[in-house]
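Colleague: Generate coordinates for the sequence data below:
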Amino acid sequence: MAYAAWVASNPYTVGQIARATTVQASGLVFRCTVAGTSAATEPAWPTDIGSTIVDGGVTWAAISSVYEELSVLAPSAVIELFELEINAAQHGANETYYFHAGVNATNNADIIWNSQAYVAFPIEATDFEYTGTGSLPRPKLRISNIFGTITGLILSLPNGLEGAKVTRIRTLARYIDGVNFPGGTNPYGTPDPTAEFPREIYYIDRKAAENRDLIEFELASAFDLVGVRVPKRQCVSNVCQWTYRGLECGYAGNAYFNFNDQPVAAVGQDVCGKRLRSCELRFGQQRRTGSVTTGSNILTLAEALNFDIGTPVTGFGLPSSTVTTNTNTTLITLNQNAIASTSRSTTGTVQANLTQIIVTDATGIAPGMTVTGLYLAGNTQVTAVSGTTVTISPPVPVTTAILTLTVTITTNTAVGALYNRYKKSSNEAYFATSAAISVGWYAASSLLPLSRLAQVTSIGQSAFGNSKFGLTWSKVAFLSQTYTSGITNIAWSFYVPGSISSAAYAFSATDQNYTFRANAAIPYGSYPGVGMFST
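Modeller: This is a model prediction of the structure:
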């Protein structure tokens, strides 16, 4: 061969020429334009002259030795070969016939191309030219019928030769095998079966003439055959055209539905509705409202539905789980027990810190659940669970039902002044009052919204003592919350915890939908105009 085949992980220098490892219908070979080492896998070679492709560290440019040979002053002769292929589906047999209309330079009239013999046969092929008028060529193929050979062939086929594939191959004499010449050597150059013009493929459209002397066939491209549409499969939006449970559909599950997409119990009742919804029920992701209970492997759905055994399920309260039974009921058996309950009711008591509830039984309660009940704000959620202690957020709002007003310190120049020691935040409140303020009480002001009460942790002397700015402070309260403020006068209210009674509290998951086949996708291609390609 004139050019060596491409080699993986091989160093190439500028100017080297390689061919693809398989014959390219384009007849192109590839010249190295940037030196380097080729990749571990063969690239997808371009099909246009002049196109380039990067292959590891090598850059290739597509060239054609045939076109280069034609550009010389005296190119060798053009060799024209034909292949006729019949197929079992249309013609009853799979067979390929190789022939040409010329002669070679030896006593054997056959032409050998790439070790394949093309039989010499009296034929005439015309009208392959492209006219630029917008219509595709419709070549004529005239074959001698003197001995009735072609008529006999046609009569042996159930549907004649219509639809048979005709491939026109053209190359130059310098590239054909050496056995075509005396002495077994090509005098024009080195044989190269990859050096050819782009192959032209047509199909026999009709028999134009038949007599004792010749048979004429009219050829057409694949786009120009009578009765052939592009695309060949009619596309109807949102309607599946595949055979249910066939090769393209691929569904082999044991979840059954009738034509109206309602669950049924037996495969004999299983009929695909050919709609997108029908496919989603069998393949696609499904979300269904349901509930689980701690320690149980039963998922209760709001509606009966079939799911194949092994279908993955995710949702609140579930570890990594799959379906283990297919019952066509609202009860789905899973391979794992739930670790939380979708809903749970119990009694509990709000604690003085307003951020925790001591419940009778915390089984099934998990972070993220909403909680409703006496004293709580409408958007209260569970943030942590430890034993029977449930931490909530936001804290319980201040209400007279659980906190008793004890004393209010009003705002004026000498009373209620607040000092923050020139820091960005402080937890010290200075008061010029003799009112009783005790550790454990709650303090509220405009600096501390009611939902964020500060608790008095100690009462005593600050680092500055009890005298500052010419004023004497009788109380210095150290609080559990810090705040940001400058030196100012501000009103403070103090509360003492009242009696907080036990009450009923309801805990529920914020999302009670359970997802089946979370990463699934319907088969691509069955619904024209719907969805995206999914692997």
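
Colleague: use CA for all of it now, contacts and neighbours both
Modeller: Noted.

Colleague: Look up phi and psi at the closest residue to residue 381 other than its chain neighbours.
Modeller: Leaving out its chain neighbours, the residue that sits closest to residue 381 by CA to CA, 6 or more residues apart in numbering is residue 370, at 4.3 Å. Note on residue 370: backbone dihedrals following degrees, to the nearest 10 are phi -90, psi 150.

Colleague: What separation do you get for residue 370 and residue 502?
Modeller: 19 Å (CA to CA, to the nearest Å).

Colleague: who has more neighbours, these two?
Modeller: For residue 370 versus residue 502, neighbours defined as other CA atoms under 10 Å are more numerous around residue 370 (22 against 15).

Colleague: can you pull out the helices in the stretch 101-250 of the chain?
Modeller: Secondary structure of the stretch 101-250 of the chain by DSSP state H, counting those that start in this stretch: the helices cover 149-156.

Colleague: swap in the stretch 351-500 of the chain?
Modeller: Counting by DSSP H, counting those that start in this stretch, the stretch 351-500 of the chain has no helices to list.

Colleague: Please, where are all the strands along it?
Modeller: 356-359, 370-373, 381-386, 389-393, 403-409, 417-418, 426-431, 442-444, 454-459, 467-468, 471-472, 475-483, 488-489, 492-497 (DSSP state E, counting those that start in this stretch).

Colleague: quick one: residue 278 is in a strand?
Modeller: No: counting by DSSP: H, G, I helix; E, B strand; the rest coil, residue 278 is not found in a strand; it is helix.

Colleague: average pLDDT for the longest strand seen in the chain?
Modeller: The longest strand of the chain (DSSP state E) is strand 200-210. On average, the pLDDT along strand 200-210 is 89.

Colleague: Buried residues of that strand, list them for me.
Modeller: Residues of strand 200-210 classed as buried by neighbour count (16 or more other CA atoms under 10 Å): 201-207, 210.

Colleague: Listing partners with orientation, what would you give for it?
Modeller: strand 165-172 (antiparallel), strand 214-220 (antiparallel) (DSSP bridges).

Colleague: Report the angle between it and helix 149-156.
Modeller: Strand 200-210 and helix 149-156 are oriented at 100 degrees to each other (axes from the mean of the first three to the mean of the last three CA atoms, to 10 degrees).

Colleague: ok, the residue lying closest to residue 389 once chain neighbours are set aside - contacts?
Modeller: Here the nearest residue to residue 389 in space, its sequence neighbours aside, is residue 358; by CA to CA, 6+ apart that works out to 4.7 Å. For residue 358, the contacting residues are 348-351, 388-390, by CA atoms under 8 Å, 6 or more residues apart in numbering.

Colleague: who does residue 358 bridge with?
Modeller: residue 349, residue 389.

Colleague: Make 33 the starting number, not 1.
Modeller: All set: I'll call the first residue 33, so the last point we hit is now residue 390.

Colleague: still on that earlier bit, now render the contacts of residue 390 as TSV, adding pLDDT, neighbour count and distance to residue 329.
Modeller: TSV is the format used below for the contacts of residue 390 (pLDDT from 0 to 100; neighbours: other CA atoms under 10 Å; distance: CA to CA, whole Å):
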residue	pLDDT	neighbour count	distance to residue 329
380	95	23	28
381	94	18	31
382	92	25	33
383	88	17	34
420	96	15	24
421	96	19	26
422	96	22	25
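
Colleague: Backbone dihedrals for residue 289, both of them.
Modeller: phi -140, psi 150.

Colleague: swap in residue 191?
Modeller: Torsion angles, degrees, to the nearest 10, at residue 191: phi -120, psi 20.

Colleague: Where does the prediction get shaky in the stretch 283-432 of the chain?
Modeller: 359, 431-432 (pLDDT under 70).

Colleague: Point out the one among the strands paired with strand 232-242 that comes closest to residue 339.
Modeller: Closest to residue 339 of these, according to CA to CA: strand 197-204, at 47.8 Å.

Colleague: Can you give me the neighbour number for residue 163?
Modeller: Using other CA under 10 Å, residue 163 has 10 other residues around it.

Colleague: so how far is residue 254 from it?
Modeller: Distance of residue 163 to residue 254, computed by CA to CA: 18 Å.

Colleague: swap in residue 349?
Modeller: 59 Å.

Colleague: Look at the two and report which has more neighbours.
Modeller: Just comparing residue 349 and residue 254: by other CA under 10 Å the higher neighbour count belongs to residue 349, 21 against 17.

Colleague: ok now do the residue nearest to the more buried one when sequence neighbours are not counted, which residues does it touch?
Modeller: Nearest non-adjacent residue to residue 349, counting by CA to CA, 6+ apart: residue 372, 4.3 Å away. Shown in contact with residue 372 (CA under 8 Å, 6+ apart): 324-327, 348-350, 395-398.

Colleague: Please apply the same query to residue 242.
Modeller: Contacts for residue 242 (CA under 8 Å, 6+ apart) come out as residue 248.

Colleague: cool, residue 168 as well?
Modeller: Per CA under 8 Å, 6+ apart, neighbours of residue 168: 162, 252-253, 256.

Colleague: Need the phi and psi values for it.
Modeller: Dihedral pair for residue 168: phi -80, psi 150, per degrees, to the nearest 10.

Colleague: Quick check: it vs residue 253, distance?
Modeller: 7 Å.

Colleague: same check, this time on residue 413
Modeller: For residue 413, the distance to residue 253 - CA to CA - is 70 Å.

Colleague: More neighbours: those two, which one.
Modeller: residue 413 (25 against 18).

Colleague: Residue 300 belongs to a helix?
Modeller: Yes: under three-state DSSP, residue 300 sits within a helix.

Colleague: Give me the neighbour count for the residue lying closest to residue 73 once chain neighbours are set aside.
Modeller: The shortest distance from residue 73 to any non-neighbouring residue, by CA to CA, 6+ apart, is to residue 40 (6.2 Å). Residues near residue 40, counting by other CA under 10 Å, number 15.

Colleague: Show the contacting residues for residue 40.
Modeller: 70-74.

Colleague: For residue 544, state which of those is nearest.
Modeller: residue 73 (49.7 Å).

Colleague: Can you tell me how far residue 491 is from residue 526?
Modeller: Distance, residue 491 to residue 526, by CA to CA: 14 Å.

Colleague: Looking at those two now, which is surrounded by more residues?
Modeller: residue 526 (23 against 16).

Colleague: That one touches residue 471, doesn't it?
Modeller: No: taking CA atoms under 8 Å as the definition, residue 526 is not a contact partner of residue 471, at 11.0 Å.

Colleague: ok, now how distant is the nearest residue to residue 309 once chain neighbours are set aside from residue 185?
Modeller: Using CA to CA, 6+ apart and skipping residues adjacent in sequence, the residue nearest residue 309 is residue 293, 7.5 Å away. Using CA to CA, we find residue 293 at a distance of 53 Å from residue 185.

Colleague: Give me the more crowded residue out of the two.
Modeller: Applying other CA under 10 Å to residue 293 and residue 185 shows that residue 293 carries more neighbours, namely 19 against 11.

Colleague: what sits against that one?
Modeller: 304-305, 309-310, 313.

Colleague: and the residues you listed as TSV, adding neighbour count?
Modeller: Output for the contacts of residue 293, formatted as TSV (neighbours: other CA atoms under 10 Å):
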residue	neighbour count
304	20
305	18
309	15
310	20
313	20
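
Colleague: Please list all residues in contact with residue 190.
Modeller: Residues near residue 190 by CA under 8 Å, 6+ apart: 122-124.

Colleague: Now which of those would you call buried?
Modeller: 122-123.

Colleague: Just the strands from the stretch 133-282 of the chain, written as ranges.
Modeller: Under the criterion DSSP E, counting those that start in this stretch, strands of the stretch 133-282 of the chain are mapped to 143-145, 148-152, 155-158, 172-176, 197-204, 232-242, 246-252.
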